[in-house]
Every structure is written in C-alpha cells, then in structure tokens.
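Trainee: Here's my sequence, what's the structure:
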Amino acid sequence: MSPHRKRPSPNRINWLIITLFAIVVLGVFYGLSLLGPRSAGKGGSDRITDEKALSLLKESRTLESEFDDLLIQGVIDRGDLEVLGRAIVLQEDYIDALPARDFLAEGRLEQLQNRYSEYMGEILSRDAQRAEAEARAAEDPGQKLARFRDALTFREKIRDDFGTSSQNDLAYLARLQREVQRMEVQPMFDRSVHLEEEGLKLAEKGDLNEAVRKFSDAAALQEEINRAYPSLALAKPLRASQLREKEAEVLSGELRRQIDELIREANDLVYEKKYQDAATLFSRAREMQRNLSLEYPRSPYASRAREANLRVRMQNASAFSSYERLRNLEGLLNRSLTEGNFQEAKLLVEQLSDRINQFEVRYSLSTLPVNELSSRVSYLKRKERYLQEIQSSISADVVPVPGEPGIQMLATEVPQYLYELVMDTNPSRNVGGELPTETVTLDEVDLFLERIGWVLSRRTRLPTLEEFRTAAEMAVEAEDFRILSAGAGENSTRPVHSLDADPAGFYHLLGNVSEIVQISPESEEVGHVGGNLRTIRSQIVELEPVSVEPGERNRMVGFRFVIEDSLLDLMLPPDPEI
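Mentor: This is a model prediction of the structure:
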C-alpha cells in the first residue's frame, strides 16, 4: 500500500459492523413471522391459518354465543354450563393447534374459564344454601349433621376448584366449618358432662373408686376436645383442669377425713391435758397431710400451710410441759422479788434464762407466748446487781394515797438517778441525780413503768387524774405550803426532796414540774397536771390537765407512779392456744 493512500478510520469500520448486524437481526425476525399463523381474510396482508384450527375457533365462538342466549333465558344450571365447558375445550384445542403462541387466543381462554368459574360458583352456592336450610329445618341430629356436611362440601369445592368466583366467601366457609365441628363435638361434650354428673352422685354415696373413674373419663373427653378443636367454644381448658381437680379431690378425700379425725382426737387430748399424746397425733396428722400434698397436688385439700400449722401444733403440744415449768419458775421469781429475797431471785433468773434458751432452740416453731417473759428475764439478768438498790429506793419513798386502799404512790417525782438506773439513759435537760426526770416521751414512761413492775413484781402505772387530785387535796388546803411556780423567784427545778412534804407525805405535787397522769382508767388519754415553774399559782390549784401528745418532750413535765398491792400477773398465761 502506498504511504500516500488514505487508511479508513476505525469509526467508519464500527459503523459498518453495526449496520450489518442490524440487517441480520431484522432478517431473522422476518423469517420467524412467515412461520406464524395466517388469517383467512381477503386481503393479502391478513394472517394465514390452518383451516382445521380456524374451524375449532369458530365452533368455540358458536358455543359461547349459545351460552349467552341461555343466560338471557333465565337461571343457569349445570346443563347450561356444559355448553360453556365445551367452548373452553375447543378454545384449548385451538391454541394447541397453532404453530406459535397467540396472546389473544390465550386471553379469550382465560376469560371463558373465569366465566365458567363464576357461574359454577353460583350453582354450588345455591346447592350449599339449600343443604344448610334443610339442615336447620331437620329435627334428627344425624340428618342435621349430614346436611351441614353437604353444605360444607359445596363451599369447600368453591374454594378449591373455583377460587375466582365471587361466591368464594372464606369467612362464611370458616363459620360453616365451626358449625359442623361443633355438631361433631357436641356429643363428646355432652358425654363428658354426663360422666361428671354421675361422678358427683357416686362421690355423695361414698363410692369413691367409681367416682374417680367417672371424673377421669370426663376429663379425658374434655381434654380430647381441647386438643382437637381448640378454636371451638366447647374447648374448655379450665373445665378439664377442674375435672382433674375433682378426681384428685375424691382420691384425697378419704385421706383428708382421716387427718381431720386425728386432729379431733388430738384436740380432745389437749383438753384433757395429755399433751405428749396430743403431740404424737399432731405429728401423724402432719405426715399424712404432707403425703396428701405430694401425691395429690391438684386437690383442694393439698395445703403446705396446713402442714406447717400441724407442725406448729405438734411443737406446741410437745413444749407444753416445758412451758408449765417456765410458768412455775416465773411464779417463784415473783414471790422472791416481792419478799425481797434477792439471792434466790438471782438464782431463779439464771435458771429461767437457761430454760428459755433451751426452749427457743428445741421448739423453734412453737407459738407459745414466751417472748415477753424472755424480755423480762433478759432485763433482770442484766440488772441483777441493782435489783435490791432499785427496790430499796422505791420502797423507802412510797406513800399511801388517801382514801385509796391498796394503792401507794411515789412521794416525789421520779428522780433522775432512779430513771437512769432503770433505763441506762437520762433524757432530762436540767441534769442532776436528785432532780426530777423531765423531757420524757410517753413511750419512754411506759417502758420505765414496765421495767419497774418487773423488778417489784407488782403492777406499776401512772396515777389517774382522780388519784392525783385526791393526793393533792391536803397540799392545796395547807396554808403554809410553799409553791414552786411563776413569781416564786425560781429559775430551775428543785431536787425532789427539797422543801417540806405536805401533810400526806408527798413532795411537789403542786409546782416544780407538771406531772403526767392518766385522764381516766377507761381511756388511754393522758395529760399533765399540778403546774410547774412557768405556771401561776391560780392555775396550779385548779388541777386541770393539759393534753400530752405522743412523742412530745417538755422540760417542764415529769412524772411519778403508783404501785398496786396485788402481785404482777404472770407473763405466761395458764391456757395458751395449742
């Protein structure tokens, strides 16, 4: 090639290749079009089709036209649909005879099939409605169920074979299915109910074994319904559970009766004070109750709480002899303290402490009321070195209340040294061993009086308002009585024994500090009375109480107490509940 000759550009070569490729593709498509069906029309441009295929299409269209004429005449039945069915078959044969795929022919086939599905669904729906109506009118349960099943079969055929029909109502089908299932299950449910009723009658007659069998069979039927037909209203899990509970109740009923009989015998032995024999029966009853709860957990008689209660009663009965020994020792302790025999009292406190510890360890579940005695003994043991000192301090300073036989009252306000000796603390603001105790709450006063009663073995309490007024009458009437009150020139409380006692032997019933009293024996209301350094003389002698609130602390308020002549009641009651 001459160097001066011009070479073709790459772009021109590419364009030539593309053009040749397009010509080839168009040629292929043209050749394929010549192989397709052709119509039998007049024009040379119409498609040319095999005569046999065209006759199939023509016959199919003729049958479709006949079906349309039948539609005009009235309600379509299965015979009429046979015409449309043959048209569908011919259309399918026509499509099979075509040398290539024809979308228009396939579209016509789908349209024919949808029409067939719609009208067949309508026919089956009418059949289903007729069967359902006959079912509801039937009186015989078997015939009723058979016709409902026929109706269900028609509806299921619509769903399975003619799903495009407007008669394919799935909600209606589901309701009909539930209705048939209910009718199929109802005899099973009725049988279960009948068995339950028979079981109840047998249980009332005492035929427990046969009653158990009836309840078991009834429960099995109900459980089968629950398992196979969970969506039905007759599926009742709670009923199945209750039937099993009745079965367990009957099984455990005889055992429960035996337990109750043992408890009645044990209670009789407790009444006869045969506590060890009663403990043995309570133990047997507890073991039987335990077995009942383990073997029949669904029984209403299964009860862990009852088992625990029987165990407590067993311990109470076993512990009663020890309880009585504690009670006897408490009586001896009270007598020793009352008589001032402190050496014997200390020995009894030691003995009681040891026995209470043993009691609490050995009978840890017992509910016999030893806690209060335990608190008293623990306190007396801690204060055993000071018992005589506390008693002596009080005994030397009590005065009879005029006109009140058997009642003595502390001649002074409670001094701080005595309060601190008893309570190990001193709440007073104006501190001094011989000064009256003040700034105390009602709870602190109650605890102090309880402990004084423990030491003295006598009932110790606040004076009532009337007792205080009776004791203060002579102080009010005494012309030379000096009152510590506002205007007397005093700025702080005086020692409890300062100045002179009144003619009855009491100090400072009027003035110094107001004193806490119980308003009446019948009520728990308390107040303070008698006046203090901030009260004028005219108000003091009126002896009108001022209310005291729980938790209140007042540096101008103290207290004294009265001691009754009777011995302190034993803390262990004679007949506790076993």
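Trainee: Give me the neighbour count for residue 296.
Mentor: For residue 296, the neighbour count with other Cβ atoms under 10 Å is 21. Bear in mind the C-beta positions are built from the backbone N, C-alpha and C, glycine included.
Trainee: what does the one 5 residues further on give?
Mentor: With neighbours defined by other Cβ under 10 Å, the count for residue 301 comes to 19.
Trainee: now do residue 303
Mentor: Counted by other Cβ under 10 Å, the residues lying close to residue 303 total 15.
Trainee: same check, this time on the one 5 residues further on
Mentor: As a burial measure, the neighbour count of residue 308 was computed by other Cβ under 10 Å and equals 14.
Trainee: 773 is where my numbering starts, stick with that
Mentor: Fine by me, first position is 773 from now on; the one you just mentioned is residue 1080.
Trainee: check which helix or strand covers it.
Mentor: helix 1076-1111 (DSSP states H and E).
Trainee: Any figure for the gap between the residue nearest the centre of the chain and residue 912?
Mentor: Closest to where the C-alpha atoms of the chain average out (Cα atoms, centre = their mean) is residue 1077, at 16.2 Å. Noted for residue 1077: a distance of 55 Å to residue 912, by Cβ to Cβ, to the nearest Å.
Trainee: And the helix or strand following the helix holding residue 1080, what's buried?
Mentor: Using DSSP H and E, the helix or strand that directly follows helix 1076-1111 along the chain is helix 1114-1134. By neighbour count on 16 or more other Cβ atoms under 10 Å, the buried set for helix 1114-1134 is 1114, 1117-1118, 1120-1121, 1123-1124, 1127-1128, 1131.
Trainee: now stretch 1286-1299
Mentor: Of the residues in stretch 1286-1299, those buried (16+ other Cβ under 10 Å) are 1286-1291, 1298-1299.
Trainee: for stretch 1166-1186, same thing?
Mentor: For stretch 1166-1186, using 16+ other Cβ under 10 Å, the buried residues are 1166, 1169-1171, 1173-1174, 1176, 1179-1186.
Trainee: can you confirm residue 1007 is in a helix?
Mentor: No: in this structure, residue 1007 is coil, not part of a helix, as judged by DSSP: H, G, I helix; E, B strand; the rest coil.
Trainee: Which of the buried residues of stretch 1166-1186 fall in strands?
Mentor: Among the buried residues of stretch 1166-1186, the members found in strands (DSSP state E) are 1170-1171, 1179-1182.
Trainee: Lowest-confidence member of the buried residues of stretch 1286-1299, which is it?
Mentor: Across these, the smallest pLDDT goes to residue 1291, namely 92.
Trainee: where does that one fall, phi/psi-wise?
Mentor: phi -60, psi -50 (degrees, to the nearest 10).
Trainee: Could you tell me which residues make contact with it?
Mentor: Contacts for residue 1291 (Cβ atoms under 8 Å, 6 or more residues apart in numbering) come out as 1236-1237, 1297-1299, 1317.
Trainee: Looking at those, which is nearest residue 900?
Mentor: Among the contacts of residue 1291, residue 1297 lies closest to residue 900 (Cβ to Cβ), at 86.2 Å.
Trainee: Skipping adjacent residues, who's closest to that closest one in space?
Mentor: Distances taken as Cβ to Cβ, 6 or more residues apart in numbering place residue 1291 nearest to residue 1297, at 4.4 Å, with adjacent residues excluded.
Trainee: Count the residues that sit near residue 911.
Mentor: Using other Cβ under 10 Å: residue 911 sits among 6 other residues.
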